[in-house]
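Asks: my questions are about this predicted structure, shown below with the sequence.
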Amino acid sequence: MLFHVRMDVSIPDDLDPDVRADTVAREKAYSQDLQRAGKWPHIWRIVGEYSNYSIFDVESNDELHTLLSGLPLFPYMRIKVTPLATHPSDINGPPAP
Ligand SMILES: O=C(O)CC1=CCC(=O)O1
């Protein structure tokens, strides 16, 4: 199942700089592990914002929720999830299983 996910990050200005750096580093490692596992095939920076558009490829809503709620930056994010379906005009058809 494919999901489009928008993440808007808002880290409080008064967060300890060491905690901030550690959290951002853990976020990067967590994200890259999921990218290598094929669960997070795309991540794009939204120009001019501390936000990204991502595509997740997971088995269920519950799996997506588990992955998103495990993000180290989750406490500092607003997340909008859009489930994706195959478009009937897509010349490539549905993604391979
Ligand atoms: O910087 C962001 O958009 C938040 C984020 C998600 C994965 C990551 O490495 O950073």
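Replies: On my side now, so go ahead.
Asks: count of residues packed around the closest residue to residue 12 other than its chain neighbours?
Replies: Residue nearest to residue 12 in three dimensions, not counting chain neighbours: residue 76, with 7.3 Å by Cβ to Cβ, 6 or more residues apart in numbering. Using the backbone N, CA and C atoms, a C-beta is placed for each residue, glycine as well. A count of nearby residues for residue 76, using other Cβ atoms under 10 Å, gives 19.
Asks: any idea how far residue 76 is from the ligand?
Replies: To the ligand, residue 76 is 9 Å away according to Cβ to the nearest ligand atom, to the nearest Å.
Asks: so that residue is in contact with residue 13, correct?
Replies: No - in this structure residue 76 lies outside contact range of residue 13 using Cβ atoms under 8 Å: 11.4 Å.
Asks: hey, C-alpha coordinates of stretch 86-97 in CSV?
Replies: C-alpha atoms of stretch 86-97 as CSV (Å, rounded to 0.1, in the frame of the first residue of the first chain):
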residue,chain,number,x,y,z
THR,A,86,-3.7,3.3,-9.0
HIS,A,87,-4.9,5.9,-11.5
PRO,A,88,-6.8,4.3,-14.4
SER,A,89,-4.8,6.4,-16.9
ASP,A,90,-1.4,5.3,-15.6
ILE,A,91,0.4,3.6,-18.5
ASN,A,92,2.6,1.7,-16.1
GLY,A,93,-0.3,0.1,-14.3
PRO,A,94,-0.2,-0.8,-10.6
PRO,A,95,3.2,-1.1,-8.9
ALA,A,96,4.7,-4.6,-8.8
PRO,A,97,3.9,-6.5,-5.6
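Asks: how far does it sit from its chain's centre?
Replies: Distance of stretch 86-97 from its chain centroid, counting by Cα atoms, centre = their mean, to the nearest Å, is 22 Å.
Asks: stretch 69-83 too?
Replies: With Cα atoms, centre = their mean as the basis, stretch 69-83 stands 7 Å off its chain's centre.
Asks: likewise stretch 45-52?
Replies: Put simply, stretch 45-52 sits 13 Å off its chain's centre (Cα atoms, centre = their mean).
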